[in-house]
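Trainee: Just a sequence and a predicted model for now, questions to come.
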Amino acid sequence: NKQVYDFNEGNAKMKDILGGKGANLAEMTKLGLPIPKGFTISTQACMSYLNQKEDFSEDLIQEIKSHVKSLQLATGKSFNDSTQLLLVSVRSGAKQSMPGMMDTILNLGLNDGNLSVLAEETGNWVFTLDCYRRLIQMYGNVVAGIPSHYFERCLDKVKTAKGYKNDTDLNCEDWQGIITDFKAIYYKHCQASFPQEPMQQLFGAIAAVFSSWNNERAQVYRELNDIPDNLGTAVNIQEMVYGNTGNQSGTGVAFTRNPSTGENGLFGEYLINAQGEDVVAGVRTPASIDKLATDLPQCYEDLVRLSDLLEKHYCDMQDIEFTIENGKLFILQTRNGKRTAKAAFNIAVSLVNEGLISKEQALMQIEAKSVDQVLHPTFSAEALGAAKLLTDEGLPASPGAASGRVYFDAATAQEKAQAGEKVILLRQETSPEDINGMVVSQAIVTSRGGMTSHAAVVARGMGCCCVVGCSDLEIDEVAELARMNSQTLHAGDYISVDGTEAKIYAGQIAMVPSTGQEAFHTIMDWAREKAKLDVRMNAESKSDIRMGLSFNPAGIGLVRTEHMFFAPERLREMRRFIFSKNAYDQDAALKRILNYQLEDFKTIYEEMQDRPVVIRLLDPPLHEFLPHNNQEISQLAKQLHLTISQLENRMDELAEVNPMLGHRGCRLAISYPNLYKMQAEAIIKSAIIMKEKGLRVKPEIMIPLVGIKEELTSIRAEIVAHIEALLIENKTYIDYSVGAMLEIPRACFIADDLAESADFFSFGTNDLTQLTYGFSRDDAGKFINEYVNRKVLKLDPFQTLDEVGVGKLIEIAVNKARQAKPEMKLGVCGELGGDPRSIAFFHKIGLDYVSCSPFRVPIAQLAAAQAAI
Ligand code: ADP
Ligand code: MG
Ligand code: MG
């Protein structure tokens, strides 16, 4: 079985085998683009190497050797030629792009003996020596594991001694000295000389790239991005082209559209006379790509043409790496560019408008999870006016706004974030080692680096607000302080970062929610068009409903009536009801509550107009409404004309050992039938009032926590009788329905029986998960992370539906319900109604709607559309 593929043997579809980079290099070779020649060692070869205790099989060795031979033939160069020297890069490339996570080695093949060949060939000793020291540095770091700062410090020393500003200032003699020092560093760490034999270098490099699949930062990245551990990385061996031969050469990164905003047009950065990662690593400050048009006009023109071609070919925004060697442009990589959520929306809509992709493709291009990023809160304009601006010198690397405490290293940021602080990582620049600190940060700020620096790319990928290259920010990472225009910041100080405007402010600034821009609304319109599942919202307050309505939900899937009982005057009536000594007192209290509820429901109907509304009758145990401390108790005793001991006796009666499994939900209505009757009356009376105003209100009354058929039949009968009497009395008709919330496993098994007494079901996934696992939702937080970390559980079932367990129960119930009543409306409310993966499952089993918190409605709408495409 084949383990090595020449670039002209593969194509873009072979990402599983060739990795993303290799597959695209092959595709571009096929398209006839200027790609340096090379071959790719497959991901399977990597996995077998790792599984064979990191050993090359004889087959693989032979296959690699024979491809090296072909490469020598194809290029007319060789590792041991006296006129045409072959040097290669060894580049990792997994199936999914893992920026900065894996390692790359350039200029491989150089040694003491063949330096002069390259120098002669190019007529450039400075360049040749620069290549060699880079090789020792990269090889030393990646293969021998020597921390790169040993090399950097040595280089810095020479630069300082000679008063040089940039690496490009060094002359032959300087480089020769550095090479001697680098070799000494290498020897000191490895107790062996830097390997001279090109094939030995090659296999050393391949082994290191294979092994880098399991390095810590790669593992962290996979964990974060749900990438399986058993894919492996491919290795690309590619003829070198040189961006560091002088002022007619350079290297850069270009996006076909702005990855931050989505704006169409080439966007990127480059460095003249530089190699490899110089741009990303922030060695010198790169120039904006527009400037290439004057520096090297022909190359610029070629780049524009080729990037356009690539974008049209891949039908998506491309992130392109290029190198210019003596005025000739080479493409070294292309991939679908990472982008902010805001850019993702703009690009998807533009690509549809430009006729490059269909609406369906556009919808699939946007990650549902990322939707809330475009809705990220922004600083309130008022608070911003009063805020003190520290700097606006930086670059807007990733949009968003955040306040937090600054820390100067990843480990501290991580520690403080775990302790519950909102943290902002402040660094000169970031590197892959900082990943743990970056993921927990509200914002990332660097003093160096450009729009394609590590910090910028990773932050955009994570949707984390980020400002880079704040040149007037002076950071002392060791002393843990930063100076910004005469203001000194210490670890733990608050700052606020606006990643959209690239502005940094002192202190904390209040936030307001945002409702998205034009492209967002276009995408959402398309999503609702394509989705089969309706998306409703869980809301009861006027402000939440208004906010949610801006996302055009299909209705309300859950009004939690208990949320309406906590305002002081209502709580008082609720307590009057709970502590009433006789039926008369009880009714009086309920009547007053009824009046409050009438107003509540009128407001909801008014906002929702003719969209359906599910109102859940009272759910929590009554003791949630009790006073909490002695002061409240004595106050309440006075109000209710009770003695403190009378009050306390009643409180003792209501206390429960295990309230989650206690006297709550419809169990309350068995003990206090008037409670639900009162609520039903308020629901219907307010509907009648609205009807008189010309609104067609359709209340859906939901009975919670049903587990027994007789619970449902008896409660439903009482409610319906009460409502019918009301309707007759008012000589009117309201299109109401009465259904059950299914959240007890038993209810799922008897869903067909329950269906006889229910017009609809809504699955309450929180309680259903809690009761299926026997995990108390309020306590599981203490151990569930441990379960996930130790892989006892793959995912937290309260965040993503457990399809095989909880999902199975829902599926059983859906099938039974549909058997009994084919047209029955079935939905989901609860946290999982807003989770994209869970939504895909709900779509599959044929639910009618999901309902989630207002802010998650667009996420759910997009996920529902994606499930349907
Ligand atoms: P990463 O996955 O981290 O981007 P790459 O394999 O793309 O790593 O290599 C990083 C950089 O090294 C490239 O962007 C390019 O500038 C340089 N590079 C890689 N291969 C070559 C080559 N054959 N010739 C010249 N430069 C190369
Ligand atoms: Mg890299
Ligand atoms: Mg790259």
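Mentor: Nice, I can see it. Ligands and ions are numbered 1, 2, ... in the order given.
Trainee: Please identify which helix or strand holds Phe763.
Mentor: strand 760-764 (DSSP states H and E).
Trainee: Pairing partners for that strand, with directions?
Mentor: Here strand 760-764 has these sheet partners by DSSP bridges: strand 737-742 (parallel), strand 825-829 (parallel).
Trainee: Format the ones you listed as JSON lines; extra columns: mean neighbour count and distance to Thr334.
Mentor: Just so you know, the C-beta spots here come from the backbone N, C-alpha and C atoms, and that holds for glycine as well. Output for these, formatted as JSON lines (neighbours: other Cβ atoms under 10 Å; distance: least, Cβ to Cβ, whole Å):
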{"stretch": "strand 737-742", "mean neighbour count": "25", "distance to Thr334": "50"}
{"stretch": "strand 825-829", "mean neighbour count": "26", "distance to Thr334": "41"}
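Trainee: can you redo these as TSV with mean pLDDT and distance to Tyr132?
Mentor: As requested, these are exported to TSV (pLDDT from 0 to 100; distance: least, Cβ to Cβ, whole Å):
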stretch	mean pLDDT	distance to Tyr132
strand 737-742	98	70
strand 825-829	96	63
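Trainee: coming back round to it: go ahead and name everything in contact with the strand holding Phe763.
Mentor: Contact with strand 760-764 is made by 557-558, 614, 700, 702, 704, 737, 739-743, 751, 754-755, 810, 813, 817, 824-830, 851, as judged by Cβ atoms under 8 Å, 6 or more residues apart in numbering.
Trainee: sorry, back to before: for the strands paired with strand 760-764, which one sits closest to ligand 3?
Mentor: Closest approach to ligand 3 among the strands paired with strand 760-764 is made by strand 825-829 (42.3 Å; Cβ to the ion).
Trainee: thinking again about what came up before, can I get the strands paired with strand 760-764 in JSON lines including distance to Gly19?
Mentor: Supplementary listing: these in JSON lines, determined by distance: least, Cβ to Cβ, whole Å:
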{"stretch": "strand 737-742", "distance to Gly19": "46"}
{"stretch": "strand 825-829", "distance to Gly19": "39"}
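Trainee: just how off-centre is the longest helix along the chain within its chain?
Mentor: Taking DSSP state H as the criterion, the chain has its longest helix at helix 583-608. Computed by Cα atoms, centre = their mean, to the nearest Å, the chain-centroid distance of helix 583-608 equals 42 Å.
Trainee: and the very next helix or strand once past it, how far from the chain's centre?
Mentor: Downstream of helix 583-608, the next assigned helix or strand under DSSP H and E is strand 613-616. Centroid separation for strand 613-616 versus its chain: 32 Å, with Cα atoms, centre = their mean.
Trainee: which helices and strands sit right next to strand 613-616?
Mentor: The contact analysis (3 or more Cβ pairs under 8 Å, 6 or more residues apart in numbering; DSSP states H and E) places strand 613-616 against strand 556-560, helix 583-608, strand 699-703.
Trainee: Could you rerun that using 6 Å?
Mentor: When contacts are defined as 3 or more Cβ pairs under 6 Å, 6 or more residues apart in numbering; DSSP states H and E, strand 613-616 packs onto strand 556-560, strand 699-703.
Trainee: Include mean pLDDT when you put those into TSV, please.
Mentor: Shown next, in TSV, are the helices and strands packed on strand 613-616 (pLDDT from 0 to 100):
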stretch	mean pLDDT
strand 556-560	96
strand 699-703	98
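Trainee: export the strands paired with strand 760-764 to a markdown table and tack on distance to ligand 1?
Mentor: Shown next, in a markdown table, are the strands paired with strand 760-764 (distance: least, Cβ to the nearest ligand atom, whole Å):
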| stretch | distance to ligand 1 |
| --- | --- |
| strand 737-742 | 49 |
| strand 825-829 | 41 |
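Trainee: quick revisit: looking at the helices and strands packed on strand 613-616, which is closest to Lys37?
Mentor: Nearest to Lys37 among those is strand 556-560 (58.5 Å), distances taken as Cβ to Cβ.
Trainee: Contacts for that closest one next, please.
Mentor: 536-540, 613-616, 827, 829, 851 (Cβ atoms under 6 Å, 6 or more residues apart in numbering).
Trainee: And stretch 647-654, by the same measure?
Mentor: 579, 622-623, 626, 633, 637.
Trainee: The helix or strand hosting Glu27 close to ligand 3?
Mentor: Secondary structure from DSSP H and E places Glu27 in helix 15-30. No - against ligand 3, helix 15-30 shows no contacts by Cβ under 5 Å from the ion, the least distance being 6.8 Å.
Trainee: got a list of contacts for the following helix or strand past that helix?
Mentor: Downstream of helix 15-30, the first helix or strand assigned by DSSP H and E is strand 38-41. Identification of contacts with strand 38-41 by Cβ under 6 Å, 6+ apart yields 4-7, 18, 22, 67, 234-239.
Trainee: that older thread, looking at the contacts of strand 556-560, which one is closest to Ser370?
Mentor: When the contacts of strand 556-560 are compared against Ser370 (criterion: Cβ to Cβ), the nearest one is Met537, at 19.8 Å.
Trainee: what about that closest one, neighbour count?
Mentor: 31 (other Cβ atoms under 10 Å).
Trainee: how close does it get to ligand 1?
Mentor: For Met537, the distance to ligand 1 equals 42 Å [Cβ to the nearest ligand atom, to the nearest Å].
Trainee: does that residue belong to a helix or a strand, and which?
Mentor: Assigned by DSSP H and E, Met537 belongs to strand 534-538.
Trainee: What strands line up against that strand, and which way round?
Mentor: Applying DSSP bridges, one finds strand 534-538 paired with strand 556-560 (parallel), strand 849-852 (parallel).
Trainee: does the residue of the stretch 551-700 of the chain found nearest ligand 3 count as helix, strand or coil?
Mentor: As assessed by Cβ to the ion, ligand 3 sits closest to Phe551 within the stretch 551-700 of the chain, at 37.8 Å. Of the three states, Phe551 takes coil under DSSP: H, G, I helix; E, B strand; the rest coil.
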